[in-house]
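*Asks:* Task: produce atomic coordinates for the following.
(one chain, ligands or ions: 2)
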Amino acid sequence: MEQSSRRRILAIVGMLFAAAVLIAGALIFQRNKKDTEASRTAFSMGSAVSVKLYGPHAAAGAEAAEEEIRRLDEEVISWRIEASELARWNRSAKAGEGVSVSETLGRAVEQSLELGERSEGALDITLRPVLTLWGIEDASEEQFQVPTDADLKHAAERADRKGISVTRAGKEEQGALLTRSDGETVLDLGAVGKGYALDAAYDRLQSDFASSVSGGVIAVGGSVMVFGTRENGEGFKVGIRDPEGLPEDVLGVITFPAGTKKQCISTSGGYEKYIEKDGVRYHHIIDPATLHPAESGLVSVTVVCENGLISDGLSTACYILGEEKAKKLLSLYGAEAVLIRTDGSICITAGLEGRVEVRGEIRNTKDEEG
Ligand code: ADP
Ligand code: MG
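*Replies:* Ligands and ions are numbered 1, 2, ... in the order given. The predicted model follows:
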């Protein structure tokens with residue numbers, strides 16, 4: 001063979017080899033990329049659940065997180081699902097006789113009762129009879145009737161937040177004794193459950209995937225949790241819905257830097273669930289002081305703090321309490337918030353300053369009290 005044609009063959013073989021190496025490299029890169037990011041969506045707690053995680057075991061982590069949320073609802077905290085621990089307690093606990101319950105349920109009730117106390121009863125996990133009478137979450141517009149004040153008062157007699165107690169045998173002990181002083185009082189963790197699901201999902205990831213899931217975003221209805229860092233090295237942005245707009249319209253965005261520790265972001269607003277009757281809007285957040293849908297000068301409250309249950313409970317309580325009392329309550333928990341007033345202006349608490357990007361024509365008022 002001639003010297004020149006042998007060189008040509010060598011060159012062609014060389015090029016083919018190089019191409020093969022490139023293709024193999026690209027395939028491996030793609031596989032790795034796939035492995036480092038995983039998304040799942042499901043339906044749980046009457047809401048959409050979405051999980052997006054990053055890290056080598058993102059897919060397994062996302063499956064575990066989703067499973068944990070479903071399990072928490074079905075087996076522990078749902079008042080609607082008959083087999084759950086809470087529903088069983090609601091049906092069978094005798095007045096004054098403590099029932100031993102799981103650590104998970106005990107802690108949820110304990111944290112919710114404390115928030116009830118600190119919010120002057122704005123958050124009341126025993127309000128179910130009143131909520132059922134309104135029926136705003138379940139009734140259709142045709143069936144809906146505005147309850148009479150007499151009926152509301154009667155239903156409220158069965159709400160007894162102060163008659164519920166959680167006691168523990170010892171500090172190290174797991175589990176708790178859950179007691180009601182009146183055998184009729186029932187518990188409903190609907191106002192805090194989605195946030196608590198975020199706590200449960202996070203704890204599961206911490207115990208099983210601490211070194212193999214590096215960050216993510218989990219959303220259960222209006223409660224969102226972010227932690228860690230995205231695969232591209234960036235942090236996270238969480239949108240705040242425009243109360244006047246469609247569900248996908250975003251009024252502002254809160255940014256969380258890369259490497260952020262667990263942060264939970266919960267929003268409550270009267271626009272989320274409501275029924276219209278004779279031109280009046282009746283929404284699903286009931287003020288225990290009036291037994292009517294809360295009217296406090298706020299249209300939406302977004303709370304940011306580390307604890308999911310607290311962020312969820314605070315957003316409901318702050319929405320009921322109104323701006324002044326809300327600020328005091330938030331500071332008791334070291335929580336931050338974005339409050340949207342009925343006139344469309346916004347209040348951002350000091351700790352979120354510079355981290356909320358407001359879109360559109362909204363008047364932005366800083367929190368003067370700090
Ligand atoms: P969502 O469940 O729509 O995310 P919230 O977290 O604000 O909204 O919780 C509202 C739900 O909590 C209502 O649908 C109702 O079941 C329940 N609820 C309404 N008012 C109260 C209240 N004052 N205390 C405790 N729970 C409440
Ligand atoms: Mg809530």
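*Asks:* Could you use CA atoms for every contact and neighbour count after this?
*Replies:* OK.
*Asks:* ok, the residue in the stretch 101-250 of the chain that ligand 2 sits nearest to - how many residues close by?
*Replies:* As assessed by C-alpha to the ion, ligand 2 sits closest to A191 within the stretch 101-250 of the chain, at 4.1 Å. Using other C-alpha atoms under 10 Å, A191 has 21 other residues around it.
*Asks:* does stretch 70-82 come close to ligand 1?
*Replies:* No: applying C-alpha under 6 Å from any ligand atom, one finds stretch 70-82 separated from ligand 1 by no less than 10.3 Å.
*Asks:* tell me the mean pLDDT over that stretch?
*Replies:* Averaged over stretch 70-82, pLDDT sits at 98.
*Asks:* what's that stretch in contact with?
*Replies:* Residues from elsewhere that reach stretch 70-82, judged by C-alpha atoms under 8 Å, 6 or more residues apart in numbering: 44-45, 83-88, 90, 104-105, 187-190, 193, 197, 200.
*Asks:* quick revisit: can I take it that the residue of the stretch 101-250 of the chain closest to ligand 2 is in a helix?
*Replies:* No: counting by DSSP: H, G, I helix; E, B strand; the rest coil, A191 falls outside a helix, being coil.
*Asks:* What pLDDT is listed against it?
*Replies:* So, for A191, pLDDT stands at 97.
*Asks:* and the closest residue to it other than its chain neighbours, what does it touch?
*Replies:* Nearest residue to A191 in three dimensions, chain neighbours excluded: G313, at 5.9 Å (C-alpha to C-alpha, 6 or more residues apart in numbering). G313 sits next to 112, 115, 123, 191-192, 195 when contact means C-alpha under 8 Å, 6+ apart.
*Asks:* The helix or strand containing G313 and ligand 1 in contact?
*Replies:* Per DSSP states H and E, G313 falls inside helix 308-321. Yes: interface with ligand 1: helix 308-321 contributes 312, 316 (C-alpha under 6 Å from any ligand atom).
*Asks:* Let me know the angle separating the next helix or strand after that helix from helix 308-321.
*Replies:* Next helix or strand after helix 308-321 toward the C-terminus (DSSP H and E): helix 323-332. Using axes from the mean of the first three to the mean of the last three C-alpha atoms, to 10 degrees, the direction of helix 323-332 lies 160 degrees away from that of helix 308-321.
*Asks:* and helix 323-332, how far out from the chain's middle?
*Replies:* 20 Å (C-alpha atoms, centre = their mean, to the nearest Å).
*Asks:* buried set for that helix?
*Replies:* Residues 323, 326-327, 329-330 are the ones in helix 323-332 that count as buried (16 or more other C-alpha atoms under 10 Å).
*Asks:* same for the helix or strand that that helix is followed by, what does it pack against?
*Replies:* Once the chain leaves helix 323-332, the next helix or strand it forms, by DSSP H and E, is strand 336-341. If you count contacts as 3 or more C-alpha pairs under 8 Å, 6 or more residues apart in numbering; DSSP states H and E, strand 336-341 packs onto strand 298-305, helix 323-332, strand 346-348.
*Asks:* swap the cut-off to 10 Å and go again
*Replies:* strand 260-269, strand 298-305, helix 308-321, helix 323-332, strand 346-348, strand 364-366 (3 or more C-alpha pairs under 10 Å, 6 or more residues apart in numbering; DSSP states H and E).
*Asks:* Now the third one: average pLDDT?
*Replies:* Read that as helix 308-321. The model assigns helix 308-321 a mean pLDDT of 98.
*Asks:* Next, the angle strand 336-341 makes with it.
*Replies:* Using the same axes, to 10 degrees: helix 308-321 against strand 336-341 is 30 degrees.
*Asks:* What's the separation between L329 and ligand 1?
*Replies:* From L329 across to ligand 1, the span is 15 Å (C-alpha to the nearest ligand atom, to the nearest Å).
*Asks:* Low-confidence bits of the protein, can you list those?
*Replies:* Counting by pLDDT under 70, the chain contains low-confidence ranges at 1-35, 172, 360-370.
*Asks:* anything in stretch 220-231 near ligand 2?
*Replies:* No: with C-alpha under 5 Å from the ion as the measure, stretch 220-231 is seen stopping short of ligand 2, the closest distance being 8.0 Å.
*Asks:* Quickly find the element holding Y282.
*Replies:* strand 280-283.
*Asks:* Give me the contact list for that strand.
*Replies:* Contact with strand 280-283 is made by 134, 136-137, 146, 269-276, 292-295, as judged by C-alpha atoms under 10 Å, 6 or more residues apart in numbering.
*Asks:* mind running it again at 7 Å?
*Replies:* Applying C-alpha atoms under 7 Å, 6 or more residues apart in numbering, the contact partners of strand 280-283 are 136, 270-271, 273-276, 293.
*Asks:* Likewise for stretch 83-103?
*Replies:* 74-82, 174-183, 186-187.
*Asks:* Quick one: buried ones out of those?
*Replies:* 74, 76-79, 175-183, 186-187.
*Asks:* now, among the residues you listed, which is nearest to ligand 1?
*Replies:* Minimum distance to ligand 1 across the buried ones among the contacts of stretch 83-103 is 9.5 Å, recorded for L187 (C-alpha to the nearest ligand atom).
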